[in-house]
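Enquirer: below are the sequence and a predicted model for it; my questions follow.
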Amino acid sequence: MSSALWAPDHLLSSDEWNALDREPYLHYELCDGVLVMTPRPAPRHQYVVKRVADALEDQLPIALVPLIDLEVPIRRGPAATHRAPDVAVVPRAVLDLESPLVDPAEVLLAVEVVSPGSVSIDRILKVQEYASVGIPAYLIIDVSRHELIAHALTGGGTYAATAGAPATFTVAGHRVQLDWNHLD
């Protein structure tokens, strides 16, 4: 499906989303079948994302890798939801995939760096979505507030959150710590 042929007269399915031509200068997500397009992140945001990925790579075993700009289907089919965490930690075997689409069961940590246009999405909606598909850990980084919020999945399928710097959390049984020295 080409974006030139798609008219916003219905909610997108996973198949339509996957076939959609996307401009490289925009950031895309799909929420309940609605295409969400935002400008690519600002330089500070991009820098923090890189620093987080580097810090995670330094602290995690070689069997786990942090990836930037992959896609996680939260809900497939009609009125689908696909999210693109800023950083995701996955097993090294994911590197062999031929697609940026990664099953949520493979995502051990999702990281979102809050942007002006994503505050409610990152702090409310994605907390619920990532927990609903069983992603064990979720980290929110709000540079403007100088805030790190680590979320750990509970047995009840929701996240327990702890805020502070440094943020200490567990990824697949490995203790990880991030503080502002990792981000500046």
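Expert: Yep, that arrived.

Enquirer: return the residues in contact with the closest residue to Pro61 other than its chain neighbours.
Expert: Nearest residue to Pro61, sequence neighbours excluded (Cβ to Cβ, 6 or more residues apart in numbering): His174, at 6.3 Å. For every residue, glycine as well, the C-beta is placed using N, CA and C. Residues near His174 by Cβ atoms under 8 Å, 6 or more residues apart in numbering: 59-61, 64.

Enquirer: narrow the residues you listed to those that are buried.
Expert: Neighbour counting with 16 or more other Cβ atoms under 10 Å marks 59-60, 64 as buried within the contacts of His174.

Enquirer: let me have those in TSV, adding distance to Asp184, secondary structure and pLDDT as columns.
Expert: As requested, the buried ones among the contacts of His174 are exported to TSV (distance: Cβ to Cβ, whole Å; DSSP: H, G, I helix; E, B strand; the rest coil; pLDDT from 0 to 100):
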residue	distance to Asp184	secondary structure	pLDDT
Gln59	17	helix	96
Leu60	21	coil	97
Leu64	25	strand	98
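
Enquirer: and those residues, which is closest to Ser99?
Expert: Leu64 (19.7 Å; Cβ to Cβ).

Enquirer: so the closest one sits against Leu95, correct?
Expert: No: using Cβ atoms under 8 Å, Leu64 makes no contact with Leu95, being 11.0 Å away.

Enquirer: where are the low-confidence patches of this protein?
Expert: 1-8, 25 (pLDDT under 70).

Enquirer: roughly how far apart are the most centrally placed residue in it and Lys126?
Expert: Compute the mean C-alpha point of the chain, and by Cα atoms, centre = their mean the closest residue is Pro85, 1.5 Å away. Here Pro85 is placed at a distance of 8 Å from Lys126 (Cβ to Cβ, to the nearest Å).

Enquirer: ditto for Cys31
Expert: Per Cβ to Cβ, Cys31 is found 10 Å from Lys126.

Enquirer: higher neighbour count, these two?
Expert: A direct count of neighbours by other Cβ atoms under 10 Å for Cys31 and Lys126 places Lys126 higher, at 23 against 20.

Enquirer: for that one, helix, strand, or coil?
Expert: Classification of Lys126 by DSSP: H, G, I helix; E, B strand; the rest coil places it in helix.
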